[in-house]
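Visitor: Sequence first, predicted model second:
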Amino acid sequence: MCGIVGAIAKRNITPILIEGLRRLEYRGYDSAGVAVLVPGKGIQRTRAVGKVIELENALAKEPVQCHLGIAHTRWATHGKPAERNAHPHLSERLAIVHNGIIENHGPLRKRLTDLGYTFTSETDTEVVAHLLAHHYKEKPDLLCAFRSTLAELHGAYALGVIHQDEPDTLYCARMGSPLVIGEGSEERFVASDPLALLQVTDQFIYLEEGDHARLSLEGRDIWNRRNLPVEYPVLRYEHAALSLDKGEYRHYMLKEIHEQPSAIANTLEGTLAEDHVLTAVLGPDAETRLQDIQNIHIVACGTSYHAGLVARYWIEEQAGLPCQVEVASEYRYRQVAVPGNTLLITISQSGETADTLAALRHSKQQGYLASLAICNVAGSSLVREADWRLLTKAGPEIGVASTKAFTTQLTALLWFSTALAQTNNRAPEMISANVRALRTLPGLVEQALYLDGRIEQLAATFANKQHALFLGRGTHYPIAMEGALKLKEISYIHAEAYAAGELKHGPLALVDEDMPVVSIAPSDSLLEKLKSNLQEVRARGGQLINFACETAELDNGDGITHIHLPPASDSISPIVYSIPLQLLSYHVALVKGTDVDKPRNLAKSVTVE
Ligand code: G6P
């Protein structure tokens, strides 16, 4: 997804802009650009298709010292990846960068063309540049012109603007796309993600929807959508101490897979007592508020949606509450029947996924009791707009394929399900068993990571396969879905997951010696059922890879591989079984030589619809 970085400082800001773009690379992009104000010369723009390094090489040809600038990584929406479509876009003496989508760009483009403006790109962004230039021409006051421009835009935007006539000012605004201001000492920055600015500051101001701001060396002015001045606290970025480099690891994804024991332990910190969970983590009156909940709706996208699917089993079984789970892109456009006292839970790593955020906003008119955001980014839009929050403490996740965010979401959801069970006076033994299991979880995940070498050997079997099937039952069915998604995302092998009992209703027709079938076979109450399903696969010559507990006593034979996991109690088992599936997709991707951390066509944080 697109990324924005902007800076105003006494020092030369070009290296800061470039480093900021590099830190946003993980989000996915196809071109990059920078516009700086060169003293005595005006705005100088450089753009390049491809990686940030191409832009850096282009800039190196004519190095300049400058103190004001904006930069962008573009993920094509309107107009294909090409230099002419890359940001910044210029109009007369100004330059802008934009994330999001301007929905009324068509009529605006027509009007501006009629007014004599010439378009050089197919983007929706260029209309904003010309519109601002037009308003400025009518009344040469940049703040007024910026406000008049914002008032005409429909859709989503985060914007950064510089103008030759105001060499000491950086303007920015947000509506539907995230934007933060980074505070330095006599220098200020703006970015779509604080990660871009951790190189220069760990102090941030999170703009609210509809805000616009003017930044200078001396200070900042922020106004809300009614143009009234607003003040926000400067917040220290919590994960700033965490290393953002790959360290000893070859890829961020591998590093993040290995960070899971500590990420899970951090997520649980301060949430567990001896034999019960500490509901006060949710706020001072959490106990009373939890008592009112009679139904749960969960909404999320991608991997976070899979975490919600697992949670449904926990919430219904452990807390005895009806629970339904839906992808946000569907939920946001439908009229949901909301029974009384229903809690809406949104789950998101980034807290900025456009569909999930829109779903939360949509829910506000639907009569929910309250909303809870389970999220990895404390200052994100989702967290700020929800009534309650439960933060996962995975630390920054850079690899596009989510790993530690997923297992910490599951950890938080199991904790929340236990909290609901506790409030509803469900069996105390079950609650204390969950607490014990959660305590053992980091250690079990650590043990599961020892399977790395064994899984690496197995990966070669997938190298020339076109398809794979993943099977699971119960809570492990969504884990099979997540395993299939991981393989698709980073190795580009078509993978599907089925509830193993559904095999005979269609997918069995596909099974032959070219179809690896991955089964998730923990020793739970459904194991015997699963064994019959696996025999159906073997009878058709399918190659079986079983992730199972040693005690599972699965059939041996040609074409069957077992990977043994440590015994884990039922509640935490889906979290432990996620680990080898992550490792499998990672090693298959290595064999296939794909771009593990930045798979083609995908973005880490999908901030447009
Ligand atoms: C993108 C990412 C996925 C992620 C999904 C939801 O598709 O590539 O890894 O699961 O967005 O993101 P969120 O930040 O809301 O969890």
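Guide: Nice, thanks for sending it over.

Visitor: Can you pull up the residues of the stretch 201-350 of the chain that come close to the ligand?
Guide: 301, 302, 303, 304, 348, 349, 350 (Cβ under 6 Å from any ligand atom). Backbone N, C-alpha and C define where each C-beta goes, glycine included.

Visitor: Bridged to the closest residue to residue 54 other than its chain neighbours, which residues?
Guide: Residue nearest to residue 54 in three dimensions, not counting chain neighbours: residue 48, with 4.0 Å by Cβ to Cβ, 6 or more residues apart in numbering. In this entry, residue 48 is beta-bridged to residue 32, by DSSP bridges.

Visitor: dump the residue contacts of residue 48.
Guide: Counting by Cβ atoms under 8 Å, 6 or more residues apart in numbering, residue 48 touches 31, 32, 33, 54, 55, 57, 58, 83, 86.

Visitor: Quick one, grab the pLDDT at it.
Guide: Per-residue pLDDT puts residue 48 at 95.

Visitor: where's it relative to residue 59, distance?
Guide: According to Cβ to Cβ, to the nearest Å, residue 48 and residue 59 sit 9 Å apart.

Visitor: Same check on residue 448?
Guide: On the measure of Cβ to Cβ, residue 448 and residue 59 end up 45 Å apart.

Visitor: can you check residue 317 too?
Guide: 58 Å.

Visitor: How much space separates the residue of the chain found nearest the ligand from residue 349?
Guide: Here the residue of the chain nearest the ligand is residue 302; by Cβ to the nearest ligand atom that distance is 2.8 Å. Separation of residue 302 from residue 349 (Cβ to Cβ) stands at 9 Å.

Visitor: list the residues that contact both of those two?
Guide: residue 402.

Visitor: For the helix or strand bottoming out on mean pLDDT in the chain, list every residue counted as buried.
Guide: Least confident helix or strand, the chain: helix 527-539 with a mean of 78, by mean pLDDT, DSSP states H and E. Across helix 527-539, burial judged by 16 or more other Cβ atoms under 10 Å covers 527, 530, 531, 533, 534, 537, 538.

Visitor: Next: stretch 152-164.
Guide: 152, 153, 155, 156, 157, 158, 159, 160, 161, 162, 163.

Visitor: Using CSV, lay out those residues together with secondary structure and distance to the ligand.
Guide: CSV is the format used below for those (DSSP: H, G, I helix; E, B strand; the rest coil; distance: Cβ to the nearest ligand atom, whole Å):
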residue, secondary structure, distance to the ligand
152, helix, 30
153, coil, 25
155, strand, 20
156, coil, 16
157, strand, 20
158, strand, 16
159, strand, 22
160, strand, 23
161, strand, 27
162, strand, 30
163, strand, 34
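
Visitor: ok, so of the residues you listed, who is nearest residue 405?
Guide: Using Cβ to Cβ, residue 158 is the member of the buried residues of stretch 152-164 that lies nearest residue 405, at 22.3 Å.

Visitor: you'd agree that closest one is up against residue 100?
Guide: Yes: between residue 158 and residue 100 a contact is recorded at 6.1 Å, counting by Cβ atoms under 8 Å.

Visitor: Would you confirm that residue 344 contacts residue 300?
Guide: No: applying Cβ under 8 Å, one finds residue 344 not in contact with residue 300, separated by 11.0 Å.
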